[in-house]
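> With the sequence up front, the predicted model follows.
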2 protein chains.
Amino acid sequence: MTERAANTLMRAARLPVVLGTLGRLLIVLAALSAPPALAAWSQASNALGLRLAVTAVALLLVGWPVSRLRPLRADEHDIQWNEALAVTGLAFLLAALVMVWPLTAAGLGGVDALFEATSGITTTGLTMLRGLDKADPAVLFLRAWMQWYGGLGIAVLTVALIMRHHASARRLLETTGEQLTDAGARGHARRVSMVYLALTVIAIGAVWMTGLAPMDALLYALPAVATGGFAPSDQSLAGLPGATIATLSLLCIAAAVSLPLYARLPHRGLRALTHEPELIALLGAILITMLLLSAIAALASGLPWPQALAQGFTLGVSAQTDTGFSTVAVADLPATSQVVLMGSMSIGGCTGSTAGGIKLIRLLIIIRLVQLALRRTAIAERAVLQAQVGGARIEPSMVTATLQLLALWAMVLLTSWLAFLALGQPPLASLFEVVSATANAGLSAGLTSPELHPALKLVLCADMLFGRVEVLALLVVLYPPTWFARKRNP
Amino acid sequence: MTERAANTLMRAARLPVVLGTLGRLLIVLAALSAPPALAAWSQASNALGLRLAVTAVALLLVGWPVSRLRPLRADEHDIQWNEALAVTGLAFLLAALVMVWPLTAAGLGGVDALFEATSGITTTGLTMLRGLDKADPAVLFLRAWMQWYGGLGIAVLTVALIMRHHASARRLLETTGEQLTDAGARGHARRVSMVYLALTVIAIGAVWMTGLAPMDALLYALPAVATGGFAPSDQSLAGLPGATIATLSLLCIAAAVSLPLYARLPHRGLRALTHEPELIALLGAILITMLLLSAIAALASGLPWPQALAQGFTLGVSAQTDTGFSTVAVADLPATSQVVLMGSMSIGGCTGSTAGGIKLIRLLIIIRLVQLALRRTAIAERAVLQAQVGGARIEPSMVTATLQLLALWAMVLLTSWLAFLALGQPPLASLFEVVSATANAGLSAGLTSPELHPALKLVLCADMLFGRVEVLALLVVLYPPTWFARKRNP
Ligand SMILES: [K+]
Ligand SMILES: [K+]
């Protein structure tokens, strides 16, 4: 098709559809404010409780009428691809914005509250709060809770939204190996929710059984399941019992696996997991990261090997699953360790999980393509070799999507890094912070603090949002034809 | 085709073919040693002249019998794709190695001489020599000459080698828009040589006319045409007349344009250039780099705007064309400028030129794919949009090749950066040096010096070689099935 012909087929997003969907999101956000509001009242955090209650009422008052919006024509029910992406992009921004005012009750300034809310909802885990060990439990619960439902949103809501558009869903989910039909979309969302809830219950129980108080177990388990990384302590995991740290690490690994895989366990047994190339890649990537980090700690920093391995495991899992828990301050690690962590965070976990980064499936695609390119050099010209990952053919559209994502990531990282350097921040720590935010990982080389320049806090907020929706969904929001293309023909 | 079926079709490279081709290369290298040998005798640099002469004789003695090697079967004349790539990968390594001993006559140690030779032959331009302003003119001519014939090799020899294999040539050249047949390969190589020679004559004349002594004109013009960047001065271009600097910059731009385009000038006139998207992209990229560098110099460093623009132009051209000339020490520039330069060097010039980097055509492909992805979000699912650059369709194989190159680049950069950090080098300067070497650009943030750890000198040598052959050709050399796959069936 020529570009001119294609242009005549372009459709702007329909405002009633976008607003209607976002309106329903506001109602959900109002309902999600109830648990932290109750927690706040029970802890006598009246200011926080009041703001959460007022916010919930406001969300209902705005969300209810807006959610009634429908397209003008009765036959236009299906959501367009640009509408679905714009809703996804705007959903995380909106969910962060509505929590800014309540979070200022925790003593945060406006920009810091926005940062904390964005870091929560995108399950990144970078934090502006200090003195967490003595902080109001209600505030700590609100942070953990935001990460938990942010993770649920990533796993379920965006998928459900986009899967209403059948072909679009295929485009989004083609890398998970799921064969989804329009009819199965709701069922899929329900199954993923059940998996997420089951993981949550198991996590809280497991962490509690390692000897933590129930409230602490909750505050560590919720961010772990969401690969979020908010911790109720300035030292993250440092100081916790070894069993708790190990349990949390295993939970993070479990949460970084494609959640739909678990839904297949009842039918296919463990084969559903053991034959999944992305899961094997996850374990392999964790092992490599752990060994590199341990070797650097033992050889360069002189740590005894058992300690080096324990530290490498915790940190390697944290980086590869993009959780962001840690037992050491990243700023104190050698530069080599920091670069290894950047690489690990950038790659991240499995598609269909709450982990960030470019996802392991993209790494597998790249590795297979390079293998294939090498093999092709030894084969006569006419032979056609097909690239596969785990028995599934690598379609040209997947290659294109991977290249796009890599290029957009490079653009986001370069631009953000330049902003940090322009304001005089140190080069390596700046790059680390930018990579950690874009990968929704949450490890910090020390620059994320209330003292950071407000402009750079906003840069990191943008990075967290761009990373969370794999850049494209937010570009769609910023792409003028999404809002101003010609209307649908009659 | 299944992998098993494909495996039975794999053919190892035939040693007689690879060695025979490399033998012919040795003879060419012997002939290329004559001009610097004559220059050395004429300058009474007897040690250098003697070593060059001995090297030439040795090359002939080894090269002549080896060049007679042919495949055992008379009907197997066509060079295989893995043979062509292995020869390309080994050619640059070999061409560097044979000049190590002669270069030690300039007072360089073994590793430093290897570094200088690699930097010359890959037209990178990083240098281990100090006190160039007072150096032996014969040594300066040898360096310039190596860059010049390295550039000729890139433009012609590799193309000619690989084009003997018709389908392979298409794979290599598909991004240049050239439609080449097997029969046209020799003609193509001849045309590109003529363009290169014409550019060289014009360059020497133009630089000489700006007022330089003939020898200096030669020493600046040869590296400029090769986008090599070796200069006969420790200060590179600093101190030269403004007209000379401007002339050299324009020559670098001319040399970073796809050379086959010039061959079309007689038939198609200026339209051959003005309608070429990669050339427009080159000018656009130079303009953007120049404006960013100038703005940083004016706003952050307080340079007056006219000076800032002049410096930005010279440096922007140098980075984008991967030449590596400069009028300032990069180490003295703000971190932001260094990162802008890294981005510019990484992208580089046009395919079919001697410039390095991932090439502008890859940037154009990525930009078009992102544009298309955005446009597709607004179009109903069944519409098929084709991505084009300059009227030519972007084939899936081009997308795959771009993704491969980007990923291999990331791997090379990350590994090399880690090596620098492990040996305690500063993060930003290390990354700069690694990017500059891999892009064959040659700007230095100050780490390239005789004092650098020998292991890191070798890392930079590897980067220069990997970058020069776009990684894959050297991976083929390191890929065991290239040498040990099963033999051709009868
Ligand atoms: K995280
Ligand atoms: K160069």
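Noted; the coordinates are in hand. Note that the coordinates shown come from a computational prediction; the quantities given were computed from them, not determined experimentally. Ligands and ions are numbered 1, 2, ... in the order given.
> Tell me what angle the helix ranked longest in chain A forms with helix B:396-422.
Secondary structure assigned by DSSP state H gives helix A:396-422 as the longest helix of chain A. Taking axes from the mean of the first three to the mean of the last three Cα atoms, to 10 degrees, one finds helix A:396-422 and helix B:396-422 inclined to each other by 40 degrees.
> which secondary structure elements does helix A:396-422 contact?
helix A:360-376, helix A:427-438, helix A:454-468, helix A:472-478, helix B:335-347, helix B:360-376, helix B:396-422 (3 or more Cβ pairs under 8 Å, 6 or more residues apart in numbering or on different chains; DSSP states H and E). Every residue, glycine included, has its C-beta placed from N, CA and C.
> the strands in chain A, which residues?
A:388-389, A:392-393 (DSSP state E).
> Distance of A:Met99 relative to ligand 2?
52 Å (Cβ to the ion, to the nearest Å).
> can you tell me how far the residue of chain A found nearest ligand 2 sits from A:Ser397?
As assessed by Cβ to the ion, ligand 2 sits closest to A:Leu414 within chain A, at 21.8 Å. Here the criterion is Cβ to Cβ, to the nearest Å. By it, A:Leu414 lies 26 Å from A:Ser397.
> Count the residues that sit near the residue of chain A closest to ligand 2.
By other Cβ atoms under 10 Å in any protein chain shown, 17 other residues sit near A:Leu414.
> and the residue lying closest to it once chain neighbours are set aside, how many residues sit next to it?
Sequence neighbours aside, B:Gly343 is the residue nearest to A:Leu414 in space, at 5.9 Å (criterion: Cβ to Cβ, 6 or more residues apart in numbering or on different chains). Neighbourhood size, B:Gly343 [other Cβ under 10 Å]: 22.
> B:Gly343 and A:Thr415 touch, don't they?
No - assessed by Cβ atoms under 8 Å, B:Gly343 is found out of contact with A:Thr415, at 9.9 Å.
> circling back: between the helices and strands packed on helix A:396-422, which one is nearest to B:Arg14?
Among the helices and strands packed on helix A:396-422, helix A:360-376 comes nearest to B:Arg14, with 17.5 Å by Cβ to Cβ.
> Now do the closest one: which elements does it pack against?
Checked by 3+ Cβ pairs under 8 Å, 6+ apart, helix A:360-376 has helix A:277-299, helix A:335-347, strand A:388-389, helix A:396-422, helix B:396-422, helix B:472-478 packed alongside it.
> Okay, now the unreliable bits of the stretch 351-490 of chain A?
Counting by pLDDT under 70, the stretch 351-490 of chain A contains low-confidence ranges at A:380-385, A:485-490.
> In it, which residue sits closest to ligand 1?
Counting by Cβ to the ion, the stretch 351-490 of chain A gets nearest ligand 1 through A:Gly442, at 3.8 Å.
> Would you confirm that that residue contacts A:Ser119?
Yes - taking Cβ under 8 Å as the definition, A:Gly442 is a contact partner of A:Ser119 at 7.1 Å.
> between those two, which one's more packed in?
A:Gly442 (33 against 30).
> anything in stretch A:127-143 sitting right up against ligand 1?
No - using Cβ under 5 Å from the ion, stretch A:127-143 never reaches ligand 1; the gap is at least 10.8 Å.
> Flag every buried residue along that stretch.
A:127-129, A:132, A:135-143 (16 or more other Cβ atoms under 10 Å in any protein chain shown).
> May I have the distance across it, first residue to last?
10 Å (Cα to Cα, to the nearest Å).
> residues in contact with it?
Here stretch A:127-143 makes contact (Cβ atoms under 8 Å, 6 or more residues apart in numbering or on different chains) with A:35-36, A:39-40, A:42-43, A:45, A:48-49, A:52, A:99, A:102-103, A:105-106, A:108, A:112-113, A:115-116, A:119-120, A:215, A:218-219, A:223, A:230-235, A:448-450, A:457.
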